[in-house]
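Asker: Could you look at this predicted model? Sequence included:
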Amino acid sequence: MSKRVWISKSALAQMMWNCECHYPRETGGILLGYFGDNGEPVITRIIGPGAGAVHSQMGFHPDHEFQMRQLEQAYIESNGDDDYLGDWHSHPKCDNRMSHLDRKTLTGISRSTAPKLAEPLMLILTGRRSWEPACYQLSLLPKCKLVPARFRRLDVKNYMPE
Ligand SMILES: [Zn+2]
C-alpha cells in the first residue's frame, strides 16, 4: 500500500480558491500540520502567498515575512501541534509533475536548518476549476551525495476537521 497524506477539506478548498483567483498566474504557500503515529502526514491548514507575493505565469515568490508571522501564530494557536510540513503551489499551465526547480526546492528544504524538516512535502495543484492535488514527499536524503534524492508520490485523502 502506498503511503497516504491527509488534507482537511477546508485547507484544500482554500488552496483551490487561491489557485482560481490567481489563474493564469502561479500561486502557492505553506503546508501546516503534523505526522500521525503511523508516520502519515496530516495537513490541517495552509498559509497563502501573502499580499506582498509576486505572481507570474512561470512561478511566484511568496511574501516571506507574512508567511513567517502566520507560521508562528499557527504554532501558538495549536499549542505546537501544527508545524511546517512543506510547500504548495499551482501549475496553471502544465501537469502535476515536479519541475526541476521543484525538486531542487524540496531538497533545499530538507537541507536547510530553519525550519528543519527531514522529509518535507510538496503539493501541486493542476487542472483549472477542479484543481487536482498531487503530493510528493522527499525520502530521507542519502548520506552519500552521489546517490540522487528520491521523491515519492503520496495518495491524497480528504478528511473533515472537527
Ligand atoms: Zn512547480
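Answerer: Okay, I see it. Residues are numbered from 1 along each chain as shown.
Asker: Which single residue in the protein comes nearest to the ion?
Answerer: D102 (4.2 Å; CB to the ion). All C-beta spots, glycine's among them, are computed from the backbone N, C-alpha and C.
Asker: and that residue, which of the three is it?
Answerer: Under the three-state scheme (DSSP: H, G, I helix; E, B strand; the rest coil), D102 adopts helix.
Asker: Confirm for me that it is in contact with L123.
Answerer: No - distance between D102 and L123: 10.6 Å, which falls outside the contact criterion (CB atoms under 8 Å).
Asker: Identify the residues contacting G86.
Answerer: When contacts are counted by CB atoms under 8 Å, 6 or more residues apart in numbering, G86 touches 30-31, 106, 109, 117, 120-123, 137.
Asker: Distance of the residue nearest to L154 when sequence neighbours are not counted relative to G36?
Answerer: By the measure of CB to CB, 6 or more residues apart in numbering, the closest residue to L154 outside its immediate chain neighbours is V5, 4.2 Å from it. The gap separating V5 from G36 is 10 Å, by CB to CB, to the nearest Å.
Asker: So for the two, which sits in the more crowded spot?
Answerer: In terms of neighbours (other CB atoms under 10 Å), V5 is the more surrounded of V5 and G36; the figures are 23 against 11.
Asker: That one belongs to a helix?
Answerer: No - when the secondary structure is assigned by three-state DSSP, V5 falls in strand instead of a helix.
Asker: Please name the bridge partners of it.
Answerer: With DSSP bridges as the criterion, V5 is bridged to V156.
Asker: Comparing D102 and L123, which shows the higher neighbour count?
Answerer: When D102 and L123 are compared for neighbours, L123 comes out ahead with 28 against 17, by other CB under 10 Å.
Asker: follow-up on the earlier one: how about the contacts made by the residue nearest to L154?
Answerer: Under the criterion of CB under 8 Å, 6+ apart, the contact partners of V5 comprise 40-43, 121, 123, 135, 137, 154-157.
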